[in-house]
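I would like to see how this sequence folds:
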Amino acid sequence: MVQSSLVGHWPLHEWSGRANDLSGNDNHGTVNSGATQGVWGRSALTGYAFDGSNNGVDTGLDVTSQSEISLSCWFYVRDNSSLQTLYGSTDGNSNEIVLRYDDSGFDWFTYDGSTVYG
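The predicted model follows:
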């Protein structure tokens with residue numbers, strides 16, 4: 001059941017070459033910069049492989065002005081020796097929300113252009 005406050009649901013397991021939003025809100029994403037599609041995962045589903053070199057999925061959504069957000073994701077990190085950005089949102093100015101991971105663990109923060117919070 002899709003909740004009315006759900007902005008998007010991108011399972012990234014389809015073979016369309018896109019990041020289709022299955023929430024019904026048509027917030028489809030664009031897969032960019034050479035992400036590899038069709039990487040086999042569990043349950044015979046596929047996903048994307050990102051090499052950490054400016055590739056990812058752009059949904060065009062800005063959540064930086066929201067007072068609360070929830071993010072759920074599954075990922076597999078092959079090499080945690082360097083900082084990996086798992087999620088990022090920006091308003092196009094200097095406000096950002098970022099979830100990162102490296103060998104010391106997760107780092108979730110917001111940035112308002114001058115101060116990091118989190």
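
Quick check: what element follows the helix or strand of the chain with the lowest mean pLDDT along the chain?
Least confident helix or strand of the chain, by mean pLDDT, DSSP states H and E, is strand 36-40 with a mean of 69. Per DSSP states H and E, the first helix or strand lying C-terminal to strand 36-40 is strand 46-49.

Can you list the strands that that next one pairs with?
When pairing is defined by DSSP bridges, strand 46-49 lines up against strand 36-40 (antiparallel).

so where's this structure uncertain?
1-4, 15, 38-45, 52 (pLDDT under 70).

try 90
By pLDDT under 90, the weakly predicted segments of the chain are 1-20, 23, 29-118.

give the contact list for the residue most central in space within the chain.
When C-alpha atoms, centre = their mean is applied to the chain, the residue found nearest the centroid is Y87 (4.0 Å). Y87 is in contact with L71, C73, I97, V98, L99, counting by C-beta atoms under 8 Å, 6 or more residues apart in numbering. Glycine gets a C-beta too; all of them are placed from N, C-alpha and C.
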